[in-house]
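Undergrad: Quick one, structure for this:
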Amino acid sequence: MARVVARLLVSVCLAFATLALVLAPTPTAAQGGTVTMQWLGWSHYRFTSPTGKVLLTNPFVNNPDSPVRLEDMREADIIVVADGHGDEVGSAVEIAQQTGARIVAPSFELGTWFMDRGVPSDQVFRPGGPGDRAVIGGITIRVVNSVHGSGLGAAQTPGVSYGGPAAGFVITFENGWTVYFSGSSAATQDQALWAQMYQPDAAIIHMGGQTEPMDFAMQVKLMMTGNPNLTTIFPHHHRVSQVGATSIAEVQTAMDAMGVPLTVTEPFPGVEYTFTK
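TA: Sure thing, here's the model as predicted:
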């Protein structure tokens, strides 16, 4: 009889535990909210998360299209920097110093360089390289490979002569909305893996003045691999007016020719875009 009662009690407890799991809200449902994004010129994008956190990519504040100045950058929680080139690093050191933002570097080497430049060590995430991640205030930043260089040039410090591997980032905000920021990468088959693994909703793809339009189009196509979520494409490294440069029309034509059923959105400085999950 005692065994029967014990089994009955176990069954009842399991039933209540299962019911609690079913009724418990999922983290995504609990978070909700929107992500806003502004292009601040070149590859400098500013995101504001559903809980008000500000994330910057490649904060090259002095680019010719920038609608902001360094003294305007008083709010930042996270800065991601794709490689050691001057237009990627931008004003990351100064912004981190004046806001207390955490810098997510693409490598241990570049993270050390930021510390050499005066950013406090507790504000620098130094990954081993692509494949690592940082979770900061509910935002997940995954470091992924980039087909690009990371030379520091004249900005070398006594302790760091090379910026380590270049990177891109897959960023998931508190509400689950996910964006792939390519860094300055060319097309790589790895992008198909990240598409399947992280299923981003948006992608910001490198489109420099000499970018081959088919390369841009192929990156978008690869990011759709096993990923039904991708609906939004933005360029970076482009200029609003840059004579002779690769154009939005050219990369859109290349995407159409490849059968990629998406439209490239041309951002304009300071315009705010809003996304929900």
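Undergrad: Now stretch 68-87 - C-alpha only, PDB.
TA: C-alpha atoms of stretch 68-87 as PDB (Å, rounded to 0.1, in the frame of the first residue of the first chain):
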ATOM      1  CA  VAL A  68      27.000  63.100 -35.200                       C
ATOM      2  CA  ARG A  69      30.300  64.200 -33.500                       C
ATOM      3  CA  LEU A  70      32.300  62.500 -30.900                       C
ATOM      4  CA  GLU A  71      31.000  64.900 -28.200                       C
ATOM      5  CA  ASP A  72      27.500  63.700 -29.100                       C
ATOM      6  CA  MET A  73      28.300  60.100 -28.300                       C
ATOM      7  CA  ARG A  74      27.300  60.200 -24.600                       C
ATOM      8  CA  GLU A  75      25.300  56.900 -24.400                       C
ATOM      9  CA  ALA A  76      26.700  53.500 -25.300                       C
ATOM     10  CA  ASP A  77      26.700  50.200 -23.600                       C
ATOM     11  CA  ILE A  78      28.300  47.900 -26.100                       C
ATOM     12  CA  ILE A  79      30.700  48.600 -29.000                       C
ATOM     13  CA  VAL A  80      31.600  45.900 -31.600                       C
ATOM     14  CA  VAL A  81      34.700  46.500 -33.700                       C
ATOM     15  CA  ALA A  82      35.300  44.200 -36.700                       C
ATOM     16  CA  ASP A  83      39.100  44.600 -37.200                       C
ATOM     17  CA  GLY A  84      42.100  46.800 -36.500                       C
ATOM     18  CA  HIS A  85      41.700  49.200 -39.500                       C
ATOM     19  CA  GLY A  86      41.200  52.800 -38.600                       C
ATOM     20  CA  ASP A  87      37.800  53.100 -40.100                       C
END
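Undergrad: quick one: buried residues of it?
TA: For stretch 68-87, a neighbour-count test (16 or more other C-beta atoms under 10 Å) marks 68, 73, 76-85, 87 as buried. (Each C-beta comes from the backbone N, C-alpha and C, glycine too.)
Undergrad: cool, and stretch 105-122?
TA: By neighbour count with 16+ other C-beta under 10 Å, stretch 105-122 contains the buried residues 105-115, 117, 119.
Undergrad: just how off-centre is it within its chain?
TA: 19 Å (C-alpha atoms, centre = their mean, to the nearest Å).
Undergrad: Offset the numbering so it begins at 115, please.
TA: In the new count, where the first residue is 115, that last one comes out as stretch 219-236.
Undergrad: Straight-line length of it, end to end?
TA: 13 Å (C-alpha to C-alpha, to the nearest Å).
Undergrad: which secondary element of this protein has the worst mean pLDDT?
TA: Within the chain, confidence by mean pLDDT, DSSP states H and E is lowest for helix 116-137 among all helices and strands, at a mean of 37.
Undergrad: contacting residues for residue 340?
TA: 306, 309, 310, 313 (C-beta atoms under 8 Å, 6 or more residues apart in numbering).
Undergrad: Let me know the pLDDT of it.
TA: We have a pLDDT of 98 for residue 340.
Undergrad: rewinding a little: return the subset of the buried residues of stretch 219-236 lying in helices.
TA: 222, 223, 224, 225, 226, 227, 228, 229 (DSSP state H).
Undergrad: Just put these in JSON lines and tack on pLDDT and distance to residue 167.
TA: As requested, these are exported to JSON lines (pLDDT from 0 to 100; distance: C-beta to C-beta, whole Å):
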{"residue": "222", "pLDDT": "95", "distance to residue 167": "25"}
{"residue": "223", "pLDDT": "95", "distance to residue 167": "27"}
{"residue": "224", "pLDDT": "95", "distance to residue 167": "22"}
{"residue": "225", "pLDDT": "95", "distance to residue 167": "20"}
{"residue": "226", "pLDDT": "96", "distance to residue 167": "25"}
{"residue": "227", "pLDDT": "95", "distance to residue 167": "25"}
{"residue": "228", "pLDDT": "96", "distance to residue 167": "20"}
{"residue": "229", "pLDDT": "96", "distance to residue 167": "23"}
